[in-house]
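>>> After the sequence you'll find the predicted model.
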Amino acid sequence: MSQETVLPENAAEMANQTSKGTYLGKLGIEIVEWTHERVVATMPVEGNTQPDGFLHGGATMSLAESIASMGAAGVAGWPEKIVMGLQQTCNFLSTATSGSVRGVATPVNIGRTTHLWDVDITSVDTGKRIASARVTIAVREPRAKT
């Protein structure tokens, strides 16, 4: 894995500040750790449920893609390189109705133009695994703004 880029010590804190008012902020995602080796984040269940009160699958997948993308951006050297999700698969193993969930994204393969990340999502309260996702990320040069 290339570690030419340097993440500041307070990368997680900086990410939390910049996510206010964005989709991550609306979901309540808080970055706990952001290194080249992994990204860890939490998300509340409350406010991210389907009508029956269970954690929404879309919110779960949003957490997975968000932290995998952050990991890829940190390794690739954002903003000199940009990243975007290409594909995501997610197996839902259980659910949560309260508390919060914790996502941990780790790289499987770091290529020049494509990264592959695994994301495990567990209940903070019970430790039970909620979902297991695999996210493929494209790494590209930014386009010139017109």
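Arrived safely. Numbering: from 1, shown residues only.

>>> how close does the spatially closest residue to residue 35 that is not a sequence neighbour get to residue 29?
When the adjacent residues along the chain are set aside, residue 35 lies closest to residue 7, with 6.5 Å between them (C-beta to C-beta, 6 or more residues apart in numbering). No exception for glycine: its C-beta is placed from N, CA and C like everyone else's. Relative to residue 29, residue 7 is positioned 18 Å away (C-beta to C-beta, to the nearest Å).

>>> Now the element after the least confident helix or strand in the chain by mean pLDDT, going C-ward?
Least confident element among the helices and strands of the chain, by mean pLDDT, DSSP states H and E: helix 11-18 (a mean of 76). With elements assigned by DSSP states H and E, the helix or strand that comes after helix 11-18 is helix 23-27.

>>> tell me which strands and helices that next one is in contact with?
helix 57-76 (3 or more C-beta pairs under 8 Å, 6 or more residues apart in numbering; DSSP states H and E).

>>> looking just at contacts, which helices and strands does the helix it packs on meet?
Judged by 3+ C-beta pairs under 8 Å, 6+ apart, helix 57-76 is in contact with helix 23-27, strand 30-34, strand 39-44, strand 82-92, strand 100-110, strand 114-123, strand 129-140.

>>> in it, what's buried?
The neighbour-count criterion (16 or more other C-beta atoms under 10 Å) identifies 59-76 as the buried residues of helix 57-76.

>>> quick one: contacts for residue 43?
Shown in contact with residue 43 (C-beta atoms under 8 Å, 6 or more residues apart in numbering): 27, 28, 29, 30, 59, 63, 100, 101, 103.

>>> possible to save these as JSON lines with distance to residue 87 and pLDDT?
Converted to JSON lines, the contacts of residue 43 look like this (distance: C-beta to C-beta, whole Å; pLDDT from 0 to 100):
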{"residue": "27", "distance to residue 87": "21", "pLDDT": "96"}
{"residue": "28", "distance to residue 87": "25", "pLDDT": "96"}
{"residue": "29", "distance to residue 87": "21", "pLDDT": "96"}
{"residue": "30", "distance to residue 87": "26", "pLDDT": "95"}
{"residue": "59", "distance to residue 87": "19", "pLDDT": "98"}
{"residue": "63", "distance to residue 87": "17", "pLDDT": "98"}
{"residue": "100", "distance to residue 87": "27", "pLDDT": "98"}
{"residue": "101", "distance to residue 87": "22", "pLDDT": "98"}
{"residue": "103", "distance to residue 87": "18", "pLDDT": "98"}
